[in-house]
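[1] My questions are about this predicted structure, shown below with the sequence.
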Amino acid sequence: MNQLKSFVTKEFRHIFRDVRTMMILLVLPVVMVLLFGYVITTEVKDIRLAVVDLSHDELTQQVIDRFSQNHYFILTGSAASAAAGRAMLEHDQADMVVVFGENFAQEIVHSRQASVQLLVDGSEPNQAAARAAYAQQLLLSVAQELSATMGIEQQFQIAPVTHALFNPNLRSEFNFVPGNMGMILMLICAMMTSVSIVREKETGTMEVLLASPLPPLVIIIAKLVPYFVISFINLVTILVLCKYLLGLPFAGSLPAFMGISIIYLIVSLSLGLLISTLVRTQLAAMILSLLLIIPTIYFSGMTFPIESMPVMYQHVSACIPARWYVAAVRKLMIQGVEVRHVMRETAILATMAVVLVSVSLATFRKRL
Amino acid sequence: MKEKFVIEVDGLSKQFGNFVAVNHISFQVKEGEIFGFLGANGAGKTTAMRMLCGLSVPTSGHATVAGYDVYRQSEQVKRNIGYMSQKFALYDDLTVGENLKLFGGIYRMSRHQIRQKSDHLLAELGFTAERGTMVRSLPLGWKQKLAFSLAIFHDPKIVFLDEPSGGVDPITRRQFWELIYRAADRGITVFVTTHYMDEAEYCDRVSIMVDGHIKALDSPAMLKQMFQVGSMYDVFLALARTATRSE
Amino acid sequence: MGNIVTVSEVCKRYGKVQALRGVSMEVAEGEIFGLIGPDGAGKTTLFRILATLLLADSGTATVDGLDVRRDYRKIRRCIGYMPGRFSLYQDLTVRENLEFFATTFNTTIERNYHLIEDIYRHIERFKHRRAGKLSGGMKQKLALSCALIHAPRVLLLDEPTTGVDPVSRKEFWEMLFRLKTQHGITIVVSTPYMDEAMKCDRIALVQNGHFLKIDTPAAITGSYAKSLWSVRSEQMHRLLDDLRQWPGADTVFSFGETYHVTIKNGYDSEQLQHHVAHCGHQQVLVQHIEASIEDAFMALSD
């Protein structure tokens, strides 16, 4: 334990004494978020809402009432069909159209679940996403309230299905925050860990460490701890910036978000460890870590939506840890879904973590 | 006979902050001489040598190398000197021939000149068969001989050697010094630092730096006589004991 | 006293390069054993095998009775290893480096201070200076302190004095001598400086992955078979060529201010003297001399 403590102390000394690198580590995420966040417009006041109510019942009327009472929304009119609603969007007579299907009430009674279509103008993706997010939150609370007042034992749900017109994938800087988190954490963990291990190989100190009774596991853990801490600081910084500077709503569960972030950090750190076992020079470690970032950018869904990729690329993307992390963060942060909806992503990332940790531990050499 | 000096140093100093690395040194080096520049680690040798090569600006004082001022005419100085250090000498990932072409090119030699001189040099070293060999795969001793030959490839007036013979076997080390002799016989002045005290004996004159000053400068024979000891090693020990600076 | 280090028929190859070609040696407890030879002779490879950092392709080696392949964990506890290049943390201070290596070996500076005191007091003034800012000699002393802090039974020092000035080198060897006599530590040390061979109890002359000879320095110089003469004159540069042209000269090597000449059978020193005089040299001095380690090395290596 004493060995580990003194090794970790030493690692932090290396980091603190290299002021330039440390500043980059801590300032880089801030700059990235500000750069992309600056262009985000999150003003969502006075959303002009048009209603297409094909169900015409008490329930839909109650939901519509909630919208009109909410100060974010202004009811500007109604249309007889989805197509007519769509026309209102096209003619800029509304910012959003909410469409209740014919069987809305029946669905709720029978299956306790009904869907609502939200049509938004996607040409301004940030605003569209923000508007959709507000509507979704409203629907969520309406569903809770209604099931309570109606005395239904089992809660019912209103599932919103959002269609963004003119920019169906809602590619926006909104999505950039989760994508950026995936990228920055991967970069810092993988690059800094591998470089700091390989530096000891280059300067020859690894030779002395290996010839000492220090267990390789202590070396590895001590190398990972500082970058885990720094990445964690970055994570919190990004969250705080998003919330207070960009006013980005954090819709979902914070503990779940932290949990999955920690798993992702472990994946990234073990990738760094793996790189360090493969190369001999700091330069090679740096290049290899940067090569990790390229698929993270292109295949994680942060730049190109995965659904529109060719099947082969979708398979490639399935191997990229960031894809699952970005997807989970998007769901947790922006869509505010419940934890059980990110179980798949969590399970996949956890499996990756276990595999990568074991592989990198197995390949870490106890000799030169 | 009027002696011609190729290096003239007058009151040269270099200060880093409060630390005076080189403290007002003055000396002359004669043409065609093998001049040993000795001193303990940290005595100021490297700093002094860098100033003479035009790589570092003196804090005060004056020095000319090959007739050019090291401060104001550092470009001309560089054109008239050769330099070989232990750390960097040749490009490992180029072949012997490619290294020769590169250095010839750096010193603005014509292609014909490079060709002619390369052939001559390789024949002299017995390396003709190695022209296409990657420098990386040459034995260390060969690399050093080749590096020295390259340092004088452009016929400089002076060649600076910074601990050139470290780590090679005794026979190769002697062959290396014979190359130095031959260069000196051709009129090239040799300015050399070394930690091998027997090599100090091979020099025509030796200076010993202690704490940024030149504490002794004479032929090895005279120095031994002056300190009443039998070897340059003992001369060095006697002088270095007076050192107070330790870095 | 038994052998604390044994090496038996060890071979090691890196790709095409055969670094060690079947070397064997024994180091007795409490002796200073020197590996003398140029760079690339295989010294570093042998050190790394003894330090359990490399596995030999064939052959066996033990340290303190433990097999380097099987018992590497135990060996790592009882050796102090100092690699060829400066292998400490340049951005940590003298004191921080020492503390780090002490805890690495589960000990404290205080517990073994008596071992390093003699060395550490030279650098204690600079304990808050970063290791990267020390001079060559100081770095070596710090590295030795770090290698000693866990009271190892065997010190493995790979070229500790390379690039260090003669004064620091002399001090370093005095320290090694005291470690041996006062603390009974066995030291295996390599060096490219032939003059340092005399300071070892026994030496192995190494070249091209072979041991040319293993013995005490005195026995090695004593067994020098050729007739060796030192020759000097006024004009040393010309004398070299003249000596080489004399048919009786076997080898001619420069040695400090003189040339060392070995004479072929059937020739003698008077003929040598005559030849030199005939070439017009003044102030000629020809003396019969005892061989040094360097002479012996050169005689053995051809």
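    Arrived safely, thanks for sending.
[2] switch to C-alpha atoms for all contacts and neighbour counts from now on
    Fine.
[3] so who does residue A:3 touch?
    By C-alpha atoms under 8 Å, 6 or more residues apart in numbering or on different chains, the residues touching residue A:3 are A:214, A:218, C:103, C:104, C:105, C:106.
[4] Make a markdown table out of those and add neighbour count.
    Shown next, in a markdown table, are the contacts of residue A:3 (neighbours: other C-alpha atoms under 10 Å in any protein chain shown):
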| residue | neighbour count |
| --- | --- |
| A:214 | 21 |
| A:218 | 17 |
| C:103 | 21 |
| C:104 | 22 |
| C:105 | 19 |
| C:106 | 15 |
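[5] List the ones among these that fall in helices.
    Members of the contacts of residue A:3 lying in helices (criterion: DSSP state H): A:218, C:103, C:104.
[6] Residues in a beta bridge with residue C:28, which ones?
    residue C:3 (DSSP bridges).
[7] Around residue B:18, how many other residues sit close by?
    By the criterion of other C-alpha atoms under 10 Å in any protein chain shown, residue B:18 has 6 neighbours.
[8] what does the one 3 residues further on give?
    The local packing of residue B:21 (other C-alpha under 10 Å) involves 21 other residues.
[9] now the one 3 residues further on
    Here the neighbour count serves as a burial measure; for residue B:24 (other C-alpha under 10 Å) it reads 19.
[10] Over to it. Which of the three states is it?
    With DSSP: H, G, I helix; E, B strand; the rest coil as the basis, residue B:24 sits in strand.
[11] phi, psi of the closest residue to it other than its chain neighbours?
    Of all residues not flanking residue B:24 in the chain, residue B:11 sits nearest, at 4.2 Å (C-alpha to C-alpha, 6 or more residues apart in numbering or on different chains). Main-chain torsions, residue B:11, degrees, to the nearest 10: phi 60, psi 40.
[12] One more: the one 3 residues further on?
    The phi and psi torsions at residue B:14 (degrees, to the nearest 10) take the values phi -140, psi 130.
[13] For the helix or strand hosting residue C:297, which helices and strands make contact with it?
    Using DSSP states H and E, residue C:297 sits within helix C:293-301. Helix C:293-301 is packed against helix B:170-185, helix C:217-222, with contacts defined by 3 or more C-alpha pairs under 8 Å, 6 or more residues apart in numbering or on different chains; DSSP states H and E.
[14] Make a markdown table from those helices and add mean neighbour count and distance to chain A to it.
    Compiled in a markdown table, these are given as follows (neighbours: other C-alpha atoms under 10 Å in any protein chain shown; distance: least, C-alpha to the nearest C-alpha, whole Å):
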| stretch | mean neighbour count | distance to chain A |
| --- | --- | --- |
| helix B:170-185 | 18 | 28 |
| helix C:217-222 | 16 | 30 |
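[15] Those: which one's closest to residue A:326?
    Closest to residue A:326 of these, according to C-alpha to C-alpha: helix B:170-185, at 62.6 Å.
[16] what's the following helix or strand after the closest one?
    strand B:189-193.
[17] The very next helix or strand once past that following strand packs against which elements?
    Going down the chain from strand B:189-193, the next helix or strand is helix B:197-201, by DSSP H and E. Where contact means 3+ C-alpha pairs under 8 Å, 6+ apart, helix B:197-201 is packed against helix B:232-240.
[18] For the stretch 151-300 of chain C, just list every one of the strands.
    C:154-157, C:186-191, C:202-207, C:210-215, C:228-232, C:249-255, C:258-263, C:285-288 (DSSP state E, counting those that start in this stretch).
[19] Chain B: which of those is closest?
    strand C:249-255 (6.5 Å; C-alpha to the nearest C-alpha).
[20] Report the distance from the closest one to the chain centre.
    Computed by C-alpha atoms, centre = their mean, to the nearest Å, the chain-centroid distance of strand C:249-255 equals 24 Å.
[21] Sheet-wise, list the partners of that strand with their directions.
    Here, using DSSP bridges, strand C:249-255 pairs with strand C:258-263 (antiparallel).
[22] what's the angle between the strand it pairs with and helix C:293-301?
    40 degrees (axes from the mean of the first three to the mean of the last three C-alpha atoms, to 10 degrees).
[23] how far off strand C:228-232 does strand C:258-263 point, in degrees?
    If you take the same axes, to 10 degrees, strand C:258-263 sits at 140 degrees to strand C:228-232.
[24] number of nearby residues for residue A:69?
    Residues near residue A:69, counting by other C-alpha under 10 Å: 11.
[25] Show me what from chain B comes close to chain C.
    By the rule C-alpha under 8 Å from any C-alpha of the partner chain, the part of chain B lying against chain C is B:39-42, B:140, B:166-171, B:174, B:181, B:195-202, B:233, B:236-237, B:240-241, B:246-247.
[26] And those residues, which of them are buried?
    Neighbour counting by 16 or more other C-alpha atoms under 10 Å in any protein chain shown classes B:39-42, B:140, B:166-171, B:174, B:181, B:195-202, B:233, B:236-237, B:240, B:246 among the residues of chain B next to chain C as buried.
[27] Quick one: neighbours of residue C:214, just the number.
    Neighbour count for residue C:214, taken as other C-alpha under 10 Å: 19.
[28] residues contacting it?
    Residue C:214 is in contact with C:25, C:202, C:203, C:204, C:205, C:220, counting by C-alpha under 8 Å, 6+ apart.
[29] The same query, at a cut-off of 10 Å, please.
    Contact analysis of residue C:214 by C-alpha atoms under 10 Å, 6 or more residues apart in numbering or on different chains lists C:24, C:25, C:26, C:33, C:34, C:35, C:202, C:203, C:204, C:205, C:206, C:220.
[30] So the first one: helix, strand or coil?
    Think residue C:24. strand.
[31] Distance of the closest residue in space to residue A:339 that isn't next to it in sequence relative to residue A:325?
    Excluding its sequence neighbours, the residue lying closest to residue A:339 (C-alpha to C-alpha, 6+ apart) is residue A:256, at 6.5 Å. For residue A:256, the distance to residue A:325 (C-alpha to C-alpha, to the nearest Å) stands at 12 Å.
[32] With residue A:292 instead?
    For residue A:292 relative to residue A:325 (C-alpha to C-alpha), the value is 15 Å.
[33] With residue A:188 instead?
    Taking C-alpha to C-alpha, one finds residue A:188 at 16 Å from residue A:325.
[34] Next: residue C:275.
    88 Å.
[35] now swap in residue A:311 and tell me
    20 Å.
[36] who are the neighbours in contact with residue 215?
    All of this is about chain A. For residue A:215, the contacting residues are A:3, A:4, A:209, A:366, C:73, C:104, by C-alpha under 10 Å, 6+ apart.
[37] wait, chain C
    By C-alpha under 10 Å, 6+ apart, the contact set of residue C:215 is C:33, C:34, C:201, C:202, C:203, C:204, C:205, C:221.
[38] now residue C:263
    C:226-229, C:246-252, C:269, C:271-272.
[39] Check the residue of the stretch 51-200 of chain A found nearest chain C and give its pLDDT.
    Proximity of the stretch 51-200 of chain A to chain C (C-alpha to the nearest C-alpha) peaks at residue A:200, 8.7 Å away. In the predicted model, residue A:200 carries a pLDDT score of 92.
[40] Next: residue B:2.
    56.
[41] Then residue A:105?
    If you check residue A:105, the pLDDT there is 78.
[42] helix, strand or coil for the residue nearest to it when sequence neighbours are not counted?
    Closest residue in space to residue A:105, ignoring its immediate chain neighbours: residue A:59 at 6.6 Å, by C-alpha to C-alpha, 6+ apart. Secondary structure, three-state DSSP: residue A:59 is helix.
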